[in-house]
Every structure is written in C-alpha cells, then in structure tokens.
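Enquirer: model the structure of this input:
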Amino acid sequence: MKNKKSSGRTVLAHVVLIILAFLCLFFFYILIINATRSHAQLQLGFSALPGSSLVTNFKNVINDPAIPILRGVLNSLIVSGCCAAIVTYFSALTAYGIYAYDFRLKKAAFTFIMAILVMPTQVTALGFLRLITNMGMDDSLLPLIIPSIASPAVFYFMHSYMQSSLPKELIEAARIDGSHEFGTFNRIVLPIMKPAIAVQAIFTFVGSWNNYFIPALVITSKSKQTLPIMIATLRGADYMNFDMGKIYMMITIAIVPIIVIYLLLSKFIVEGVALGGVKE
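Expert: Down below sits the predicted model:
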C-alpha cells in the first residue's frame, strides 16, 4: 500500500515538473518563432510555426546604423562579466572575514551590511549620479562595474554557505601549516565555495545584463550603451519605422549569452548538490 502511494506521488511530481518545464520553455519557443517572422506576419497574430524572415531580421539588426548591436553586446558582456567576477570574489572575501575572524565589532559589521540590503537602488540613484558626475565618471562603464564590489545580498548568501560547508577547523589547520590568509582564501576556501560562486555569478550576470535603470541614467553616448537601452530605444521608435521582427531578434540575441553562461556554470552547481548529498 505504501509503495503504491509513493509511486503515485512520484508520478504526480513528475507530471507537475513536466508542466512547469513546458511553461518555462514555451515562452522561449515563442520568442524564437517570432524572431523568424516579419513585422507583417507578427501583426496577423500568434503562430506556432516558424517564418522565413530569420536571416532578414538578423541582417536588419546587424546592419542598423542607429542601433550598434554588436557594440551593445560587447558593452553588456564587459559590464556583466566584470560585475559577476568582482561581486563573487569580494563578497566571498568579506564573508570569509566575518566568518573566520572574531573581533569586537563583528556583530555590528554584519548588522550594518544587512541594513544596507534593505535600501532600494532608486533612493540612492540621484546621489550616485551626482557623485559620479563630480568624479568625471559619467558616460562611462566604470560606474556600472565598481559598485558591484559591495553587494550585501551576495555577501549574506556566501556567509550562509560558509556556515554550512566550511569548517573552521580547516582554516585553523591551514594556519598551523603556515599558509597566509590570502593563500588560505584563494587555495582552500574558494574551491570549496565553487557551487555558491557559480550560483551568484549566474544571478549577478543576469541581473547586470538585464539592468536598465542605472545604465539609462549614466550612459549618454550610443557607443557605450548596453543591450537593454538599445532594445528600449528600438521599442520607442516611430510607429512608421517600428519593426517587431527586429525587436524579437534583438531579444533573442540578448538571451544567448545568458544561456551560455548558465550552461558553463551549471556543472559547478550540480557538483555542489552532489557533494552536499554525500556529506549528508
């Protein structure tokens, strides 16, 4: 009787997961289908079959002098890649400092970092814009990268992961063996943190890739625009020059790097889950 109930629950779980997977992949399928259709075909309504304008839409996007898409992809890759690398390393380093050391203001430092977490970006946007303008960093990619050094959300995730996966005895053993602190962090702590780093690198890359608010405030020249700004610019074009096929093609191009990054880093997530199951 118990075996029948467990098998029934397993079947139900698989059915639910299949439905959820279908719903997630369905929208990607529709996006790709719409990228193959012309503006006139898109105006006719929904179609589950691909069109014949894939190459045409791609050429229209690439050859549009008003929207330097390749430059936008490069700018987004630079910003998102640097943000993912900086935020994961320095957040893990900060979490290691709070976790591995005992000092008088440890709790106060942790509380202060968590207090920054609840402060929305929109509240500090005006002061941030004035600051970078006074520093001569306006219309530059640097203001989109440098602030990622301080990320309270990633810090909290790293700190929680260390509490569950990094024994302090291992750190003490490394110190006894004569390893200096940065050596311990780079050679011992970071390899253990690979699953957490992979997860946060994906989230940070995607968040930075899709970020529109801050780049729209900082960037003014077309040569330094990121992809979300270019897509918004194309979407707000004059109705007579409005081409839905180009927009869907640009969105398709925009999601390709995200999928590639996920495929490259997902193996570390799987390894982390497997190691967690072995430890348990």
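Enquirer: can you give me the neighbour number for the residue nearest to residue 217 when sequence neighbours are not counted?
Expert: Nearest residue to residue 217, sequence neighbours excluded (CB to CB, 6 or more residues apart in numbering): residue 129, at 5.4 Å. For every residue, glycine as well, the C-beta is placed using N, CA and C. Other residues near residue 129 come to 15 when the count uses other CB atoms under 10 Å.
Enquirer: show me the contacts for residue 129.
Expert: Applying CB atoms under 8 Å, 6 or more residues apart in numbering to residue 129 gives the contacts 138, 217, 218.
Enquirer: neighbouring contacts of stretch 250-267?
Expert: 28, 31-32, 35, 61, 67, 69, 73, 76-77, 80, 84, 198, 201-202, 205-206, 209, 227-228, 230-231, 234.
Enquirer: re earlier: most neighbours, which of the contacts of residue 129?
Expert: For these, neighbours tallied by other CB under 10 Å; top is residue 218, 21 neighbours.
Enquirer: so for it, what's the pLDDT?
Expert: For residue 218, the model assigns a pLDDT of 88.
Enquirer: check the gap between it and residue 139 for me.
Expert: 7 Å (CB to CB, to the nearest Å).
Enquirer: just residue 158 next, same as before
Expert: Counting by CB to CB - residue 158 and residue 139 are separated by 33 Å.
Enquirer: in three-state terms, label the residue nearest to residue 217 for me.
Expert: In three-state terms, and counting by DSSP: H, G, I helix; E, B strand; the rest coil, residue 129 is helix.
Enquirer: next one: residue 138 from residue 129, what distance?
Expert: Taking CB to CB, one finds residue 138 at 8 Å from residue 129.
Enquirer: identify the contacts common to the two.
Expert: residue 218.
Enquirer: mind checking pLDDT for the nearest residue to residue 219 once chain neighbours are set aside?
Expert: Residue nearest to residue 219 in three dimensions, not counting chain neighbours: residue 225, with 5.4 Å by CB to CB, 6+ apart. For residue 225, the model assigns a pLDDT of 88.
Enquirer: isn't residue 225 up against residue 72?
Expert: Yes: assessed by CB atoms under 8 Å, residue 225 is found in contact with residue 72 at 5.7 Å.
Enquirer: for the stretch 101-250 of the chain, which spans come out with low pLDDT?
Expert: 235-241 (pLDDT under 70).
Enquirer: if we go to 80?
Expert: Applying pLDDT under 80 to the stretch 101-250 of the chain flags residues 118-125, 233-243.
Enquirer: show me where the stretch 51-200 of the chain has its helices.
Expert: Using DSSP state H, counting those that start in this stretch, the helices of the stretch 51-200 of the chain run over residues 54-62, 69-100, 106-117, 121-134, 142-145, 152-165, 168-176, 181-184, 190-192, 194-210.
Enquirer: residue 16: which of these is closest?
Expert: Closest approach to residue 16 among the helices of the stretch 51-200 of the chain is made by helix 194-210 (23.5 Å; CB to CB).
Enquirer: next, count neighbours for residue 91.
Expert: Residue 91 has 27 nearby residues by other CB under 10 Å.
Enquirer: and it, how close does it get to residue 184?
Expert: Applying CB to CB to residue 91 and residue 184 gives a distance of 17 Å.
Enquirer: just residue 23 next, same as before
Expert: Residue 23 is 45 Å from residue 184, by CB to CB.
Enquirer: apart from its chain neighbours, what residue comes closest to residue 265?
Expert: In this structure, residue 265 finds its nearest non-sequential neighbour in residue 198, 4.2 Å apart by CB to CB, 6+ apart.
Enquirer: what about that neighbour, neighbour count?
Expert: Residue 198, neighbours per other CB under 10 Å, totals 22.
Enquirer: from here on, count from 795
Expert: Noted, 795 is the first residue going forward, which turns the last one into residue 992.
Enquirer: distance of it from residue 885?
Expert: Distance, residue 992 to residue 885, using CB to CB: 13 Å.
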